[in-house]
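Student: return atomic coordinates for the entry below.
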Amino acid sequence: MRSGGGRRAALIALTALAPVAWGTTYAVTTEFLPPDRPLFAALARSLPAGLLALAWTRVLPVGAWWWKAGVLGALNIGVFFPLLFLTAERLPGGVGATLGAVQPIVVAGLAVTVLRESPSWWRVGWGLAGAAGVGLVVLGPTAGLDGAGVAAGLVGTASMALGVTLTKRWGRPPGVGALTLAGWQLTAGGLVLLPVALAVEGMPPAVDARAAAGYVWLGTVGGVLAYTLWFRGIGRLPVTATALLVLVSPLVAALIGFLALGEGLAPLQCAGFALALTALVAGQVPGGRGRREAPERRREKRTAR
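Tutor: Okay, the predicted model is just below:
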């Protein structure tokens, strides 16, 4: 029991490294990348990293996984990435992070409708508490609201929430690892973005050494490495519990702002930080009806019927 609990804790910690890496996106976007190029930023983050992963694993999809990888790549990468960068450019980081923090609530609803899981009100409640905590941390009196930015943030959050849920539903083909799945999705998402980026933004902008470093960081650490850990965690952890780990991302963004960008943390923000962390940890503990019966057993019962 102790050994199993330790392995689960280690898996949760490794999976949480993905949103830790994503928490750097706002700072890297504003401090390193050329402005007004969200599509190119999304393309540079996804396609090179995906092709690198494919070259390393040398495994291509087979059969239905061609279209499944395309759908997942479009949802998790092709739609989410550019909307994330657009949100980062049009809204203060705190507003964008708060919009992203509602993702666990969306995933909880999709788990019921798509995965046919019993609703986990325990995790829904902690998801709401976590979103409130993130709001206390990152929202300030000067936080402005831009209509296009808010819409981009909400649609991007919904897109990734559906992508996460379908990733859990479809799993991975036998013998295919998380790195391979990440490579498929990053490549598919990048191919979706390529013609759109060229049509909307034209040729790529001039890239200096600072911007190149930002793109490399987002593509390697924030791209292929983060998504490999993320998809590995989705395959082994409850999907709603995994989605709660997304709360780490805005908290890391706030810490970067405090430690590196000279932004302060008021007592109310510290309280929000504590609330969000409590929600993140409590949401990993099974509660309510979801504890009684594993999803795999429920699926086996439906198959037997």
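
Student: what separation is there between L251 and A131?
Tutor: 12 Å (CB to CB, to the nearest Å). For glycine as for every other residue, the C-beta is placed from the backbone atoms N, C-alpha and C.

Student: can I get the helix or strand harbouring G5 in PDB, CA atoms only?
Tutor: Element membership for G5 (DSSP states H and E) is helix 2-22. Only the C-alpha atoms of helix 2-22 are listed here, as PDB (Å, rounded to 0.1, in the frame of the first residue of the first chain):
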ATOM      1  CA  ARG A   2       2.800   2.400   1.000                       C
ATOM      2  CA  SER A   3       4.700   1.500  -2.100                       C
ATOM      3  CA  GLY A   4       1.700   2.000  -4.300                       C
ATOM      4  CA  GLY A   5       1.000   5.400  -2.700                       C
ATOM      5  CA  GLY A   6       4.600   6.400  -3.200                       C
ATOM      6  CA  ARG A   7       4.400   5.500  -6.900                       C
ATOM      7  CA  ARG A   8       1.200   7.500  -7.300                       C
ATOM      8  CA  ALA A   9       2.700  10.500  -5.600                       C
ATOM      9  CA  ALA A  10       5.800  10.300  -7.900                       C
ATOM     10  CA  LEU A  11       3.500  10.000 -10.900                       C
ATOM     11  CA  ILE A  12       1.500  13.100  -9.900                       C
ATOM     12  CA  ALA A  13       4.700  15.000  -9.200                       C
ATOM     13  CA  LEU A  14       6.100  14.100 -12.700                       C
ATOM     14  CA  THR A  15       2.800  15.000 -14.400                       C
ATOM     15  CA  ALA A  16       2.700  18.300 -12.500                       C
ATOM     16  CA  LEU A  17       6.100  19.300 -14.200                       C
ATOM     17  CA  ALA A  18       4.100  19.800 -17.400                       C
ATOM     18  CA  PRO A  19       2.000  22.700 -16.100                       C
ATOM     19  CA  VAL A  20       5.100  24.000 -14.300                       C
ATOM     20  CA  ALA A  21       6.800  24.300 -17.700                       C
ATOM     21  CA  TRP A  22       3.600  25.900 -19.200                       C
END
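
Student: other residues contacting that helix?
Tutor: The set of residues external to helix 2-22 that reach it, using CB atoms under 8 Å, 6 or more residues apart in numbering, is 221-222, 225-227, 229-230, 232-234, 236-237, 241-242, 245-249, 252, 284.

Student: now swap in stretch 213-233 and tell me
Tutor: Residues outside stretch 213-233 that contact it (CB under 8 Å, 6+ apart): 11-12, 14-15, 17-19, 21-22, 24-25, 28-29, 31-33, 41, 44-46, 48-50, 52-53, 76, 167, 172, 178-179, 181-183, 185-186, 207, 242, 245.

Student: mind running it again at 7 Å?
Tutor: The contact list for stretch 213-233 (CB atoms under 7 Å, 6 or more residues apart in numbering) reads 11, 14-15, 17-18, 21-22, 24-25, 28, 32-33, 44-46, 48-49, 52-53, 167, 178-179, 181-182, 185-186, 242.

Student: of the residues you listed, which belong to helices?
Tutor: Among those, the members falling in helices (DSSP state H) are 11, 14-15, 17-18, 21-22, 25, 28, 32, 44-46, 48-49, 52-53, 167, 178-179, 181-182, 185-186, 242.

Student: which among the residues you listed end up buried?
Tutor: Buried members of these, scored by 16 or more other CB atoms under 10 Å, are 11, 15, 17-18, 21-22, 25, 28, 32, 44-46, 48-49, 52-53, 167, 178-179, 181-182, 185-186, 242.

Student: check which helices and strands the helix or strand where L128 lies sits against.
Tutor: Assignment of secondary structure by DSSP H and E places L128 within helix 121-138. Contacts defined by 3 or more CB pairs under 7 Å, 6 or more residues apart in numbering; DSSP states H and E place helix 121-138 against helix 93-100, helix 103-113, helix 239-244, helix 248-259, helix 267-282.

Student: if we use 6 Å, what do you get?
Tutor: On a contact count with 3 or more CB pairs under 6 Å, 6 or more residues apart in numbering; DSSP states H and E, helix 121-138 meets helix 93-100, helix 103-113, helix 248-259, helix 267-282.

Student: now for A129, how many residues are close by?
Tutor: By the criterion of other CB atoms under 10 Å, A129 has 18 neighbours.

Student: what about it, distance to Q185?
Tutor: A129 sits 30 Å away from Q185, taking CB to CB as the criterion.

Student: try A226
Tutor: From A226 to Q185 the distance is 12 Å (CB to CB).

Student: do the same with L51
Tutor: Between L51 and Q185 the computed distance is 12 Å (CB to CB).

Student: re the thing from before, how far does the helix holding G5 sit from its chain's centre?
Tutor: Helix 2-22 sits 15 Å away from the centroid of its parent chain (CA atoms, centre = their mean, to the nearest Å).
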